[in-house]
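Enquirer: Dropping a prediction and its sequence here:
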Amino acid sequence: MFKAYYGLTFDPFTKETEIKHFYKSTEFKEALNRLEFLKSTKGIGMVTGQPGVGKSSLLRYFESTLNPNLYKCVYIPLSTLTVMDFYKALCDGLGVIPGFKKVTMFKQIQEAIYNLSYNKNITPVIILDESQYLKNAILDDLRIILNFNMDSKDYAILLLVGQMTFINQLQRQNHDALRQRIVVNYYLNGLTKEETREYIISRLAFAGCHEPIFSDDALELLFSCTNGFLRPLNSIARLSLIEGAAKRTRSIDSDIIFNAQKEVNLNI
């Protein structure tokens with residue numbers, strides 16, 4: 001209903017739209033530069049940020065830039081795993097039938113990484129999402145799994161993605177060895193106030209609407225109640241359009257944004 005009312009060809013605030021039309025903020029570009037550097041050096045990288053800030057968007061875009069003839073991406077989103085489950089998931093991602101023992105799977109994983117990189121010139125890219133939930137035993141094994149030629153050669157990229165608590169976890173003394181091996185570390189913040197404005201306008205334009213639907217006060221409130229975090233920003237913007245269409249108004253004001261925020265935050 002709201003799409004037709006505002007002359008939109010599709011919903012501009014969905015994940016699907018995000019994939020087709022990435023808004024590259026200053027921070028997004030900086031984070032992507034770090035990941036491009038990691039592609040050239042290999043090794044361990046880390047991206048952290050608050051929930052909803054855009055880490056998954058960054059991952060999706062980064063993965064879309066990887067040439068499948070040169071990179072094999074292994075994405076593991078479920079981090080609440082036992083050590084054995086993690087090894088099985090990694091074997092599965094690398095195309096290996098896992099053995100029954102940890103030592104067997106460890107050897108299989110290292111052989112698969114080496115074979116891809118050295119013999120096929122394909123770099124494995126292992127992405128561990130929600131890394132703040134990884135068990136210490138898994139973190140201890142990660143650096144050992146990537147240890148080749150007495151820790152003199154990097155054959156794969158390991159990207160650890162998580163919330164700020166993951167930083168605190170890695171700062172513990174028992175993770176010194178892993179932390180010291182991190183080549184790239186980037187903390188992702190939200191959009192700035194001006195970027196929030198540009199984001200909303202560009203999304204609407206991409207969907208075919210070039211009218212200033214959101215008032216200046218509405219855009220101001222959108223930024224202040226989301227801190228420029230993409231997930232709540234998309235949710236509130238979409239609900240605002242739905243309410244605006246229901247009220248038959250051509251302008252989304254701060255009152256509509258406030259009501260949408262309450263709905264997103266599950267407030268009554």
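Expert: All right, it came through fine.
Enquirer: okay, and the helix or strand of the protein with the least pLDDT?
Expert: helix 15-20 (a mean of 70; mean pLDDT, DSSP states H and E).
Enquirer: I'd like the next helix or strand past that one.
Expert: helix 26-41 (DSSP states H and E).
Enquirer: Show me what that following helix packs onto, helices and strands only.
Expert: Applying 3 or more CB pairs under 8 Å, 6 or more residues apart in numbering; DSSP states H and E, one finds that helix 26-41 makes contact with strand 43-49, helix 55-64, strand 157-162, strand 182-188. The way it works is simple: take the backbone N, C-alpha and C, and place the C-beta from them, glycine included.
Enquirer: Show me what counts as buried in it.
Expert: 27, 28, 31, 32, 34, 35, 38, 39 (16 or more other CB atoms under 10 Å).
Enquirer: got TSV for these, with distance to residue 175 and pLDDT too?
Expert: As requested, the buried residues of helix 26-41 are exported to TSV (distance: CB to CB, whole Å; pLDDT from 0 to 100):
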residue	distance to residue 175	pLDDT
27	26	91
28	28	92
31	22	94
32	26	93
34	21	94
35	22	95
38	19	94
39	25	92
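Enquirer: What is the nearest of those to residue 165?
Expert: residue 31 (19.1 Å; CB to CB).
Enquirer: got any ranges where this protein has weak pLDDT?
Expert: Scanning the chain for pLDDT under 70 picks out the ranges 17-20, 150-152, 267-268.
Enquirer: From the buried residues of helix 26-41, pick the one nearest residue 6.
Expert: residue 28 (26.4 Å).
Enquirer: Would you mind measuring from the closest one to residue 13?
Expert: Going from residue 28 to residue 13 by CB to CB, to the nearest Å gives 17 Å.
Enquirer: Could I get the contacting residues of residue 69?
Expert: residue 122 (CB atoms under 8 Å, 6 or more residues apart in numbering).
Enquirer: about what we covered before: residue 235 is nearest to which of the helices and strands packed on helix 26-41?
Expert: Comparing the helices and strands packed on helix 26-41 by CB to CB, helix 55-64 comes nearest, at 13.9 Å.
Enquirer: Name the residue closest to the centre of this protein, please.
Expert: With distances taken as CA atoms, centre = their mean, the residue of the chain nearest its centroid is residue 56 (2.1 Å).
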